[in-house]
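Q: Everything below, folded, please.
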Amino acid sequence: MAINDNACNIRRAMNWARCALLVALGMVACASHAQPRGWKPEKTIELISPSGPGAAVDLTTRELQRLLQALRIGDITVSNKVGGGGAVAWAYLNGHSGDAHYLALTLGNLLTNSITGSHPLTYTDVSPIALLFTDYILFTVKSDSAIKSGTDLVTRLKKDPASVSIGIPTALGGLSHTATAAVMKSAGVDVRKLKMVVFSGAAAAATALLGGHVDVVASAAPALLPHIHAGTARGIAICAPQRQGGAVANVPTWKEQGMDGLVLNWRGVVGPKGLSAAQIAYWEDVLAQVTGSGEWKQHVERATAEPHFLRSADFRKFLDEQNAVLRSVLGELGMAR
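A: Predicted structure coming up:
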């Protein structure tokens, strides 16, 4: 009888143990479902280019689209939102608050627009995702231009600041304008009298240059490189700390020609305001994968740029620093508001 009682007690204990195990497993399952899950795209991703087709930032947008598609993360489209030195694109981006299916390429105009007062939207109004690379402003003329060097250009502008028309994308006070003004101020030119002509993008400025409608174009290099390769345009100076390689290897820096005024150009990706940490982390990881690829490195090299990948937190610090630098430069030039 004692043996039977013991057997019953053992069976009851085992049943209780099984029940306890099932309850514990159920709690673990519920807890796992309660944990925040990683974000990933669920619909078409829209990449927004703040410039017209063919401009330097647009070329980068479309290369990014191609490499993202190769990762098979979903359907990806590109839309060009032109105007206001990028303000139209970033305002459109913010029309999709909290939606990480919308991303925009960005450049220094995101900062300078606010500094000059041309548009109130700035980097604190969007969600910085990642810095992609840095590059430099190239000064280009037609191949048959009488302006043979940066020194020639400065000499003319010292005599008459309005005697040479300078084409820039995409707004007064933007990076191309700021770089031009900084260099010319260092040379003693009255920068407030410069004849600046604004175009929707670098490609449009390059077309105007070849058509003889402007004398010089100051822009990031990519949109001008095809014309340099073709022999229809010629670089006279680059706003870089040292000579660059590739198609602009023979173009001297402004510093070599006796001028200062280095202004950094760059490309980054931002999302709309209100993105979650999980959404930002997803795109940080994807963009780290893209920028680590050999194809991306080739694109950066073709753009005569330098790799400079920063994740969201460091990108925001970079923007803080750049905003302070640009506000100082534009303030000295009388363009800060």
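Q: what residues are up against Gly201?
A: 51-58, 82, 169-170, 223 (Cβ atoms under 8 Å, 6 or more residues apart in numbering). No exception for glycine: its C-beta is placed from N, CA and C like everyone else's.
Q: one more time with 6 Å, if that's ok
A: Taking Cβ atoms under 6 Å, 6 or more residues apart in numbering, we find Gly201 in contact with 51-52, 55, 169.
Q: what's the answer for Ala100, then?
A: Listed by Cβ under 6 Å, 6+ apart, the contact set of Ala100 reads 271, 275, 279.
Q: hmm, back to that, what is the nearest of the contacts of Gly201 to Ile73?
A: Ser51 (24.3 Å; Cβ to Cβ).
Q: so where does the closest one fall, helix or strand?
A: Per DSSP states H and E: Ser51 is located in neither a helix nor a strand.
Q: would you turn the contacts of Gly201 into CSV with neighbour count and distance to Gly261?
A: Output for these, formatted as CSV (neighbours: other Cβ atoms under 10 Å; distance: Cβ to Cβ, whole Å):
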residue, neighbour count, distance to Gly261
Ser51, 31, 23
Gly52, 21, 27
Ala55, 28, 23
Pro169, 33, 19
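Q: Most widely separated two among these?
A: Gly52 and Pro169 (8.4 Å).
Q: Looking at the contacts of Gly201, which gets the smallest pLDDT?
A: By pLDDT, Ala55 ranks lowest within the contacts of Gly201, coming in at 80.
Q: and the gap between the closest residue in space to that one that isn't next to it in sequence and Ala288?
A: Among residues not flanking Ala55 along the chain, Gly201 sits closest, at 3.1 Å (Cβ to Cβ, 6 or more residues apart in numbering). For Gly201, the distance to Ala288 (Cβ to Cβ, to the nearest Å) stands at 28 Å.
Q: what's the answer for Lys317, then?
A: Shown here: Lys317 relative to Ala288, a distance of 17 Å by Cβ to Cβ.
Q: I'd like the contacts of Ala100 as TSV, with distance to Gln257 appended.
A: Putting those into TSV (distance: Cβ to Cβ, whole Å) gives the following:
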residue	distance to Gln257
Gly271	40
Leu275	44
Gln279	46
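Q: The residues you listed in helices, which ones?
A: Among those, the ones falling in helices (DSSP state H) are Gln279.
Q: Return the member of the contacts of Ala100 nearest to Val263.
A: For the contacts of Ala100, the nearest to Val263 is Gly271 (25.9 Å; Cβ to Cβ).
Q: Near the nearest residue to that closest one once chain neighbours are set aside, how many other residues are there?
A: Residue nearest to Gly271 in three dimensions, not counting chain neighbours: Ser127, with 4.1 Å by Cβ to Cβ, 6+ apart. Neighbours of Ser127 under the rule other Cβ atoms under 10 Å: 24.
Q: change the start of the numbering to 18 and stick with it
A: Let's use 18 as the start, then, which means that last one is Ser144.
Q: pretty sure Ser144 is in contact with Gly285, am I right?
A: No: using Cβ atoms under 6 Å, Ser144 is not in contact with Gly285; the gap is 11.3 Å.
Q: model confidence over stretch 296-306, on average?
A: 98.
Q: Okay, buried residues for stretch 166-181 please.
A: 166-171, 173-174, 178, 181 (16 or more other Cβ atoms under 10 Å).
Q: per-residue confidence for Gly263?
A: pLDDT, the model's per-residue confidence, is 83 for Gly263.
Q: Just list the residues touching it, thanks.
A: Gly263 makes contacts with Thr321, as judged by Cβ under 6 Å, 6+ apart.
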